[in-house]
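Participant: My questions are about this predicted structure, shown below with the sequence.
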Amino acid sequence: MLRVEKLNQYYGESHTLWDVDIDVPQGECTCLMGRNGVGKTTLLGCVMGLLPVRSGCIRLEDTDITHLPADRRARLGVGYVPQGRQIFPLLTVEENLCIGLSTGREKLKRIPDLIFELFPVLDEMRGRLGGDLSGGQQQQLAIGRALVLQPTLLILDEPTEGIQPNIVQEIGEIIRRLCAEMGMTVLLVEQKLHFTRLVADRFTILDRGRVVASERIERLDEEMVQQYLTV
Ligand SMILES: Nc1ncnc2c1ncn2[C@@H]1O[C@H](COP(=O)(O)OP(=O)(O)OP(=O)(O)O)[C@@H](O)[C@H]1O
């Protein structure tokens, strides 16, 4: 579904991603892992079209998207939930959800019922300001807002960061449903190991901008955890 090949990225003269290859199969959840600063968010930024790449290739199904602007990628079905959620605190829940409607692949007129089915709390809080929601509810809103565009590939950057455990569990179950029941493809950055083992089918570990492991999640062993993930 998504294939990144020999990707190199620089911030100025600083070489950040080195010949990165990653394969994200259709209908599965792939987790990008690694310690702080290894390049996970940078890689997501490249896939989303928010950062230019120096060389290499990014393919979405049969389309080479390496040099397409971010809005074209969104229209091709790439949804993004950024780190820190970035919801609009002074807009209501409903207004936050509506933001993406007109930029979708088809011009959608209303928020799909699925969003409120997945996140009943957003239905209950439609009229409340985004800024009044708890951190967990804001994360649900950010995921809901990305789903309004009905993406085929959903990208999430640390969706459980700073969130209470019961909502972490709920978000995990929703990601599983998106893949298993709706055939959505998910690429996620996550640091919490137990959450990763719960939701991911596959993992890729980055270390200092390079891919050092790419396997099915059952193959994530203690040695890799110690070598590349433990701080
Ligand atoms: N805008 C920027 N300009 C220059 N260097 C940057 C910029 N953003 C990130 N970096 C550097 O690029 C490297 C990779 O950062 P990145 O945020 O992609 O890592 P990460 O694995 O997502 O880390 P974290 O888990 O802390 O979010 C780091 O050394 C970081 O300092």
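Facilitator: Cool, the structure landed. Numbers count the residues shown, from 1 in each chain.

Participant: most residues in a single helix of the chain, which one?
Facilitator: The longest helix of the chain (DSSP state H) is helix 165-180.

Participant: So what does Gln83 look like in phi/psi?
Facilitator: For Gln83, the backbone dihedrals (degrees, to the nearest 10) come out as phi -60, psi 140.

Participant: ok, now Pro25?
Facilitator: The phi/psi pair for Pro25 (degrees, to the nearest 10) is phi -70, psi 150.

Participant: Would you map the helices across this structure?
Facilitator: Under DSSP H, the chain gives helices at 40-48, 70-75, 93-98, 113-118, 120-124, 135-147, 165-180, 193-199, 222-224.

Participant: got the ones you listed as JSON lines, with mean neighbour count, mean pLDDT and distance to Leu206 columns?
Facilitator: C-betas here are computed from N, CA, C, even on glycine. JSON lines is the format used below for the helices of the chain (neighbours: other Cβ atoms under 10 Å; pLDDT from 0 to 100; distance: least, Cβ to Cβ, whole Å):
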{"stretch": "helix 40-48", "mean neighbour count": "23", "mean pLDDT": "97", "distance to Leu206": "6"}
{"stretch": "helix 70-75", "mean neighbour count": "16", "mean pLDDT": "92", "distance to Leu206": "21"}
{"stretch": "helix 93-98", "mean neighbour count": "20", "mean pLDDT": "93", "distance to Leu206": "31"}
{"stretch": "helix 113-118", "mean neighbour count": "14", "mean pLDDT": "92", "distance to Leu206": "30"}
{"stretch": "helix 120-124", "mean neighbour count": "15", "mean pLDDT": "95", "distance to Leu206": "33"}
{"stretch": "helix 135-147", "mean neighbour count": "23", "mean pLDDT": "94", "distance to Leu206": "23"}
{"stretch": "helix 165-180", "mean neighbour count": "17", "mean pLDDT": "93", "distance to Leu206": "20"}
{"stretch": "helix 193-199", "mean neighbour count": "17", "mean pLDDT": "94", "distance to Leu206": "14"}
{"stretch": "helix 222-224", "mean neighbour count": "11", "mean pLDDT": "93", "distance to Leu206": "12"}
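
Participant: between those, which gets nearest to the ligand?
Facilitator: helix 40-48 (3.3 Å; Cβ to the nearest ligand atom).

Participant: Counting by contacts, list what that closest one packs against.
Facilitator: Here helix 40-48 touches strand 2-11, strand 14-24, strand 29-33, helix 70-75, strand 78-81, strand 153-157, strand 185-189, going by 3 or more Cβ pairs under 8 Å, 6 or more residues apart in numbering; DSSP states H and E.

Participant: Does Arg3 touch Asp23 like I think?
Facilitator: Yes: using Cβ atoms under 8 Å, Arg3 is in contact with Asp23, at 5.4 Å.

Participant: From the ligand, how far out is the closest residue to Arg54 other than its chain neighbours?
Facilitator: Of all residues not flanking Arg54 in the chain, Asn8 sits nearest, at 4.5 Å (Cβ to Cβ, 6 or more residues apart in numbering). To the ligand, Asn8 is 13 Å away according to Cβ to the nearest ligand atom, to the nearest Å.
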